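1. Give me coordinates for this.
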Amino acid sequence: MKKGRKGLKRLKHLLWIVPLLLVAAAIVLSVTAANAREADTTYHATLNRSIQVSSKDFQDRGEMPVQFSCRGAGTSPHIAWTGGPENVQSYVLLATDWDAPSPILPLFAVPHWVVYNIPKGFMEIPQDSTPEKLARFDILVGAGIGGTREYIPPCPPLGQHEYEFRIYALDVPTIAPATNDKAGVLSAIEGHVLGYGELIGLFSAG
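-> All right, here's what the predicted structure looks like:
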């Protein structure tokens, strides 16, 4: 009986450690996310923001319709742009949610759409552009969260999230990233960006 009681006491002490570990992990993730966001802001401050990005489906900093989310059909929205430099050779589209899991406590960025090798003659990505449709024009779709190579619709668990759609104009016709995710694409376009622009879509937890 004494051994059993000692075992229970030890277990109770160990249970106190679990929430402390969770809090510590959240703090580490929060600091890492903040540093990543700051580095992203610093990097883009060095670029020429000359491209105007728009959509037929939502206004800048406007609410995205449900059909483009996990609560609807989950189709990709229309994205268009103007103001590309004369010597542009191709474009890249990256869509990111910096607010996961909550805008109050963002712990990590979620890549929702990675599209690259968009020919210089293209000035828009039509609504419901699947990887198969884009492949007809040799446009490639990279991996988003979970390695999924397609548009990943917004599905925020908490609060109102900002979805950042960025267009980059490049001085090369194609890129061959070491990895086909956002990090790989960003690494591949470094030193080749002539200009960029962004459109922010909002979507709230249901």
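2. partner residues bridging the spatially most central residue of the chain?
-> Nearest to the mean C-alpha position of the chain, counting by CA atoms, centre = their mean, stands residue 96 at 1.8 Å. Beta-bridge partners of residue 96, counted by DSSP bridges, are residue 111, residue 164.
3. is it true that it touches residue 106?
-> No. Counting by CB atoms under 8 Å, residue 96 does not reach residue 106; the two are 11.5 Å apart. In short, each C-beta sits where N, CA and C put it, glycine included.
4. any chance you could map the strands in this protein?
-> Shown for the chain, the strands assigned by DSSP state E span residues 52-54, 62-63, 79-82, 90-101, 106-119, 124-125, 140-141, 160-170, 193-204.
5. Quick one: closest of those strands to residue 179.
-> Closest approach to residue 179 among the strands of the chain (CB to CB): strand 106-119, 10.3 Å.
6. can you tell me how far the residue nearest to the centre of the chain sits from residue 145?
-> Separation of residue 96 from residue 145 (CB to CB, to the nearest Å): 10 Å.
7. Then residue 186?
-> In terms of CB to CB, residue 186 sits 15 Å off from residue 145.
8. which one of those two has more residues nearby?
-> Set residue 186 next to residue 145 and count neighbours by other CB atoms under 10 Å: residue 186 wins out with 18 against 15.
9. For the more buried one, which non-adjacent residue is closest in space?
-> The shortest distance from residue 186 to any non-neighbouring residue, by CB to CB, 6 or more residues apart in numbering, is to residue 94 (7.6 Å).
10. residue contacts, that neighbour?
-> By CB atoms under 8 Å, 6 or more residues apart in numbering, the residues touching residue 94 are 111, 113-115, 165-166, 168, 182, 185-186.
11. Where does pLDDT dip in the chain?
-> Flagging of the chain using pLDDT under 70 yields the residue ranges 1-31, 33.
12. the domain parsing of it - what is it?
-> Split into domains by automatic domain parsing, the chain comes to 1-46, 49-204.
13. and among these, the most buried is which?
-> Mean neighbour count (mean count of other CB atoms under 10 Å) peaks for domain 49-204 among those, with a mean of 18.
14. how long is that domain from one end to the other?
-> 28 Å (CA to CA, to the nearest Å).
15. Nice, that's everything, thank you.
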